[in-house]
Each structure stands twice: as structure tokens, then as C-alpha cells.
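[1] Starting from these lines, generate the structure:
(chains A and B)
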Amino acid sequence: MLIGRILQWPAFKDPRTLWRGSGVFLVLSLLLLSMHIVEVRRLRDVGLPLATLVPDIEKRLRILDDQVELARLHAATNRGAPEEFVHVYILPDDIALDRLIASFEMLHDVLKREGSLLSMTPINIGEKSTEGELSRWPVSFTVRTTEEGLNTISLFLSIAGFFTVADVLTERDIRQLLLYAESENPVGIVALEQFLSADLLSYAGEYQALMDMVGKSFVSPAFDRLFTGLQEESLLKDVRMLLQGPIGERLRNDNLWPLRFMTVDTVTINTREDGTKEAAFQISAYSRM
Amino acid sequence: MNNKPKDIGGPAPSLLEAGERLALPLFLFSFILFFFLLLSWVFLLPYVSQIHVRGNRTDLRELQSYHRELTGRLRLTEEEREDLVLPVHDSLYKELRLQKLSRQSFLRFIEEIYGIAAHIVPTVKDAVRVERLHVAAEQGTLDIRGRVRHVGPRSMTVLAQFADALAESPLVASLDHPTFTREQNSEGFFSPFLIHAEMSSPLTP
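    Numbers count the residues shown, from 1 in each chain, chains lettered A, B, ... in the order given. The predicted structure follows:
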């Protein structure tokens, strides 16, 4: 009845109006239809993959939260000691000349005893320059050494200032270790934390014990490959080469560990006819302003 | 018998008349089509497009927003974990440490250069004699001065091989090729060289 009355309206008697109306509704229908298609495609291409991803992310987040909680508890009992060493020895508030020179004297003594250091010029310390909150002290000296002696001095300077195992690893290495720990044994993060926070002298001295400790928490071949690879391919190998020998012993006995933060700016190496090397080092020793 | 079709009423309608007759049905059809599509858009599609996630129904936009929130939390938690695991947080120390790690170890570089020099001519051990190495670690550059000798008139060729081998080393980012010259002294032919190279950073993948 109602429809009948509506159809009696004058607009419905004019064919042109009806055709225009049809055109409008058809265009709107096409628009709605294409919006339906777009929405269904979004659902297929975006929604369904997300629906499978989200539960995995939630699961991973739960594991991470547990790991963070464990790490917090462990850190609460151990935080502080490494920071103090950094403030007192590695980046002290002043030049702390005595420890700096003592470390070079120790190096000189050890290499001279081994016969790999033939001569060493006086050590010159220049005027400091300022870089933000840091002071930079230029230090220069020249040595005449065998190839082994040059290697030892280079290793010494390359690790000077690094304190813990984590300090000589890159962010990528650490992230990979954590990812493996997360997937294999989340609780093992405590062992990993202990390994990463071990100071390098202890790492060199108790290498096997540290490896065994981590090995007990993570047993998969994939983790073992990554972990063993890091010991051989990163600076950790240099650390063991240097600190497992007489240099490490002297650093421990003379209380010279950790070393001042130093970087090599330039080195010029001349090879003499007898095969020995004459190396002129320009290095920077750092302290706080 | 009359086989002619029964006359059903007059001549065939013109296009105009056909159009007039079609107008209302077409209008009704298009209106109903539009109406049902609109109903589907407003009621049916939102219901059908809800996704089940862990027993709950949620629409696509909410799911995308939840996913973004989760990935944000994940990233923050990962950073917090890394932060807790690293024992030293002193900002000055961290900055210096990164700077030092980003520099190529000059010892590795020296070992690489001497190693390449020793093996360029397997039968002549000191064919490439590196006389002077200057490493500017901060700038990441290296100057190698030396001479190729004891290989007769092939000294320039051997020098080219040495330069190529250096350029292919993963520790070398780029290299300025030396000037090739051949000289002669009492020991025979030799080619002095000076090679300038840039070291790659160990942190660059």
C-alpha cells in the first residue's frame, strides 16, 4: 500500500527523473561494491597474517618480560662495581699520570724480558684538548721491536680501556646472543648476564669456567656455534692472547687493571733491513673534564 | 489455416517508449541494489570481517592498532633487557667504546697487508717489501710505501697484482692505485710504490 502510494508521486511518473535516479543509484552501488572488494582484500592481505602474528608476539613479550624481571633482580645485587672502576681507573677525573706511566713501564719490562723490545724512546705527554665532557691527552713514543713485540703492543693498545666482556662485543653480537637465549632457555639469561659482565682479566684467567657456566644453560648446537664463534672471531680472542700471558699476570700483580682508556691515533711502522720494526705511536689517553 | 501470428496489439514500441517503460523497473532495481549493498556495508561486512584472536573478535583496525602497540612494547622491552644485561651505563664511556669499536684494528690491517705482500709471488718470499706503513686510525686511512723487487722485469705486473689483492681485501673500503714505474739498480729491476687506502669499519655489515 505504502509502496503503491509512493509510486503515485509525480516524480515517479517522469521517465527522465527515474532514469537519472537509476543512474545515481547504480553509480553509488558500483562504489559500494568496489569498497566491499577493497575491504575483503585488506582482510585477506593484512588481517589474516596479523591474526597469526599477534599471538606469537604476545608469547615473545611474555618471555621477554620474565627475562627482564630476572635481569633486574640480578642487576640489583651486582650493579655498581663496574661503574666505579670506570670512574676511578678507566675514565678518571684527572690525568692520573702515575697509573698511565706505570702501565707503559710494565709493558716495557715484560717485552724487554722476552727479548721482543729492543729500544723505546721517552714517552711524551702533550697538552690536553677538550672534547665535550672529556679531556684528551696526546701521548707519543717510538719503539724498536720484533714482529711479536709490535703485535703485543698493538694488542695492549687495542684493548686499553675496555673492561668487561660486553664492552668488546658489538651490539649485534649481544643481540644475537640474547635472541638465542630467549628461544632456547629464557631463564639462562642470568648466566649470560654473568658472562657479559665478567671483567676481561677474569675472563682470560677463568675462561674455561665461564664457558662451562654458559654451556650448562644453553646446550643447542646453534648456540654453541654462535658462542664459540664469538670467542674466536671477536676482540675476545685478542683479549685472551694478551691477558693469558705475562702481561695479564703483571696487570694483576701490580694492580694496574683496568687500563686507562686509550686510542691509537696514528702509527708509522718502518721495517728495517734486519726485519725488526720501528713503530712511532701517537695515542690519546682520556679522562673526564 | 491462418499461420500468421496473432496480432497482439499494434506496431513494435519505439526506443523512447521502451525507455519510458524500463524507467521504473530499472529505478527500482538500482534502488534495491544500492539499499542492500548499503545494508551489507553497514551491518554485514563489519560482522563478517571480524577476526578471531585468542577467542576474542576484533575488527581489522583495532587489530592493526593492537599490533602496533605490541611491537612498540616489544622493542622497548628488548632495549630494557639489553640495557640491564650490559654492566656499564656511563654515557661517556659508552660513547668512547663505540668510537673505538668502529675503528678497524690496525693490527689486523698490518697483518693483512704483510700477509698479502708475502703471498703475492709464492716462489719469491719478499717480492713485495713493505718499507713503511702509516696508519691514521681516526681518519681510517693508510699509506703503504715499499717496493717490488726480485721478480725481474715483471715488477710492475706484480705491483698491480698486489694493489688488486689489497683492493679485494674486506678490510679495505677503497684504494688509490699507485703510479707504475720500473727502475733498475745493482740488484735488478724494482718498482717503488706508494698506496693510499681507506679502511672499512668493522661495524659496517
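
[2] just checking, next helix/strand downstream of the helix or strand containing B:L37?
    Using DSSP states H and E, B:L37 falls within helix B:15-39. Once the chain leaves helix B:15-39, the next helix or strand it forms, by DSSP H and E, is helix B:45-48.

[3] Hmm, A:Q282 is touching A:D265, no?
    Yes - counting by C-beta atoms under 8 Å, A:Q282 does reach A:D265; the two are 4.7 Å apart. C-beta: built from backbone N, CA, C; applies to glycine.

[4] which residues do the two both contact?
    A:P138 (C-beta atoms under 8 Å, 6 or more residues apart in numbering or on different chains).

[5] Show me what counts as buried in stretch A:228-245.
    Neighbour-count burial for stretch A:228-245, counted by 16 or more other C-beta atoms under 10 Å in any protein chain shown, picks out A:230-231, A:234-236, A:238-243.

[6] Next, please give the residue ranges for the helices of chain B.
    Applying DSSP state H to chain B gives helices spanning B:15-39, B:45-48, B:60-85, B:91-102, B:106-119, B:155-168.

[7] So which elements touch the first one?
    Counting contacts by 3 or more C-beta pairs under 8 Å, 6 or more residues apart in numbering or on different chains; DSSP states H and E, helix B:15-39 packs against helix A:15-42.

[8] residues contacting B:A23?
    With C-beta under 8 Å, 6+ apart, B:A23 has these contacts: A:15, A:18-19, A:22.

[9] Any idea which residue is closest to the centre of chain A?
    Among the residues of chain A, A:E171 comes closest to the average C-alpha position under C-alpha atoms, centre = their mean, at 2.1 Å.

[10] Please tell me how far it sits from chain B.
    Noted for A:E171: a distance of 8 Å to chain B, by C-beta to the nearest C-beta, to the nearest Å.

[11] Quick check: closest non-adjacent residue to that residue.
    B:E82 (7.7 Å; C-beta to C-beta, 6 or more residues apart in numbering or on different chains).

[12] how many neighbours does the one you found have?
    15 (other C-beta atoms under 10 Å in any protein chain shown).

[13] Quick check: the gap between it and B:L98.
    Distance of B:E82 to B:L98, given as C-beta to C-beta, to the nearest Å: 14 Å.

[14] and what of B:F162?
    Separation of B:F162 from B:L98 (C-beta to C-beta): 34 Å.

[15] Those two - which one has more neighbours?
    Between B:F162 and B:L98, counted using other C-beta under 10 Å, the more crowded position is B:F162 (25 against 12).

[16] per-residue confidence at A:A96?
    Listed pLDDT for A:A96 reads 82.

[17] cool, and B:P46?
    Value for B:P46, per-residue pLDDT: 86.

[18] Neighbours of it, how many?
    By other C-beta under 10 Å, 13 other residues sit near B:P46.

[19] Surely it is in contact with B:D59?
    Yes - the pair B:P46 / B:D59 is scored as a contact, 6.4 Å apart, by C-beta under 8 Å.

[20] Buried ones in the helix or strand that contains A:I174, by neighbour count?
    Using DSSP H and E, A:I174 maps to helix A:171-184. Going by neighbour count (16+ other C-beta under 10 Å), the buried part of helix A:171-184 is A:173-174, A:176-178, A:180-182.

[21] Reformat those residues into JSON lines and put distance to B:P192 and pLDDT next to each item.
    As requested, the buried residues of helix A:171-184 are exported to JSON lines (distance: C-beta to C-beta, whole Å; pLDDT from 0 to 100):
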{"residue": "A:D173", "distance to B:P192": "42", "pLDDT": "89"}
{"residue": "A:I174", "distance to B:P192": "46", "pLDDT": "89"}
{"residue": "A:Q176", "distance to B:P192": "46", "pLDDT": "89"}
{"residue": "A:L177", "distance to B:P192": "48", "pLDDT": "89"}
{"residue": "A:L178", "distance to B:P192": "51", "pLDDT": "87"}
{"residue": "A:Y180", "distance to B:P192": "51", "pLDDT": "86"}
{"residue": "A:A181", "distance to B:P192": "54", "pLDDT": "85"}
{"residue": "A:E182", "distance to B:P192": "56", "pLDDT": "84"}
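
[22] now the strands: where do they sit in the stretch 101-250 of chain A?
    Secondary structure of the stretch 101-250 of chain A (DSSP state E, counting those that start in this stretch): strands at A:117-120, A:124-125, A:129-131, A:134-145.

[23] can you list the weak-confidence ranges in the chain?
    Looking at chain A here, since you left the chain open. Along chain A, segments meeting pLDDT under 70 span A:1, A:3, A:7, A:11, A:78-80.

[24] You answered for a different chain; I wanted chain B.
    B:1-10, B:54, B:202-205.

[25] in it, which strand has the most residues?
    What stands out as the longest strand in chain B, according to DSSP state E, is strand B:188-199.
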